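1. got a structure for you, letters missing:
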């Protein structure tokens, strides 16, 4: 297992991973953060007691480097840290749409690259991280990457060819569900409920439904049928959703997100 891990990018996702690693028992002394802004560096040092250094220093001193930056910033950051990387290091990229080939072309030969698609529920240790190894990644290094991301939720492996679809479902998926939650809350308000009550009902219904789906392993269509009495309220509501093409709209949304992920990858190659 790597002895020192560096995070380059201390935004929302980077900080979520940092906090998760510490919660999972990683020593702050074994963690480094690459951060250029003095005020942000001071904040991270005070809150997490980790070393905050330059990106190049982080890449030089770490065994594993997590690249947690926006897709459009990956090339510039790799140009900055590339000369400091060395064969045998593990570089984990969490940038949407950026392929392992793109990263491998910009780092020394022998650097092991892992591509990850995380999502924002990592902020509450309920994330979904999907990993794909690059050409120089060993099983041991992929296992290390899984352990790192496991600190903020669940982890699965897929072939890299499936990452655009992953991005469209779990990467963008929280936004779809927040969209649904917002609509349910507004519906409750229009039906006469106070907003706090409508919010509590919608949030707990989403949480409880997801838990039921996870713990029973029952197909969602079966669970839906269990709620839908003949000629009842749910049947009337579902008929209206079908009339508005909601299911088709979700399918189209996933297709659009996957296509955009492919575009991001192509633009960066």
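-> All right, it came through fine. In this text the structure is predicted, and so the values were computed from the model without any measurement. Numbering: from 1, shown residues only.
2. Identify the residue nearest the residue most central in space within the chain in space, chain neighbours excluded?
-> Closest to where the C-alpha atoms of the chain average out (CA atoms, centre = their mean) is residue 118, at 1.5 Å. Spatially, and ignoring its direct neighbours in sequence, residue 118 is nearest to residue 129 (4.7 Å; CB to CB, 6 or more residues apart in numbering). Yep, even glycine has a C-beta here, placed from its N, CA and C like the rest.
3. Please identify the helix or strand for that neighbour.
-> Residue 129 is located in strand 127-133, with elements delineated by DSSP states H and E.
4. Show me what that strand is packed against.
-> Packed against strand 127-133 by the contact rule (3 or more CB pairs under 8 Å, 6 or more residues apart in numbering; DSSP states H and E) you find strand 112-117, helix 139-149, strand 153-157, helix 163-166.
5. Could I get the contacting residues of the residue nearest to residue 118?
-> For residue 129, the contacting residues are 116, 117, 118, 119, 122, 149, 150, 152, 153, 154, 155, 156, by CB atoms under 8 Å, 6 or more residues apart in numbering.
6. Now the buried members of the residues you listed.
-> With burial judged by 16 or more other CB atoms under 10 Å, the buried subset of the contacts of residue 129 is 116, 117, 118, 119, 122, 149, 152, 153, 155.
7. show me where this protein has strands.
-> 5-8, 31-34, 51-53, 64-67, 90-93, 112-117, 127-133, 153-157 (DSSP state E).
8. now the fifth one: how far from the chain's centre is it?
-> Okay, so that is strand 90-93. Chain-centre distance of strand 90-93: 15 Å, with CA atoms, centre = their mean, to the nearest Å.
9. Likewise for the shortest one?
-> Put simply, strand 51-53 sits 24 Å off its chain's centre (CA atoms, centre = their mean).
10. try stretch 239-252
-> 27 Å.
11. Mind listing residues that contact that stretch?
-> residue 176.
12. Can you check the distance spanned by that stretch, start to finish?
-> 19 Å (CA to CA, to the nearest Å).
13. For it, the averaged confidence score.
-> Averaging pLDDT along stretch 239-252 gives 97.
14. And stretch 67-74, by the same measure?
-> Mean predicted lDDT for stretch 67-74 stands at 92.
15. Show me which positions of that stretch end up buried.
-> Per 16+ other CB under 10 Å, stretch 67-74 contains these buried residues: 67, 68, 69, 71, 74.
16. List of residues touching that stretch?
-> Taking CB under 8 Å, 6+ apart as the rule, stretch 67-74 contacts 7-11, 13-14, 17, 77-78, 91-98, 102-103, 264, 268.
17. Just the buried ones among those, please.
-> The buried subset of these - by 16+ other CB under 10 Å - is 7-10, 13-14, 17, 77-78, 91-98, 102-103, 264, 268.
18. Next one, pLDDT for the residue lying closest to residue 112 once chain neighbours are set aside please.
-> Leaving aside its chain neighbours, residue 112 sits nearest to residue 137 (4.2 Å; criterion: CB to CB, 6+ apart). Listed pLDDT for residue 137 reads 96.
19. hang on, residue 137 packs against residue 114?
-> Yes: using CB atoms under 8 Å, residue 137 is in contact with residue 114, at 5.7 Å.
20. Tell me how many other residues surround residue 144.
-> The burial count assigned to residue 144 is 21, neighbours taken as other CB atoms under 10 Å.
21. Look up how far residue 167 lies from it.
-> Look at residue 144 and residue 167: by CB to CB, to the nearest Å, they are 23 Å apart.
22. Please apply the same query to residue 68.
-> The value you get for residue 68 to residue 167, if CB to CB is used, is 16 Å.
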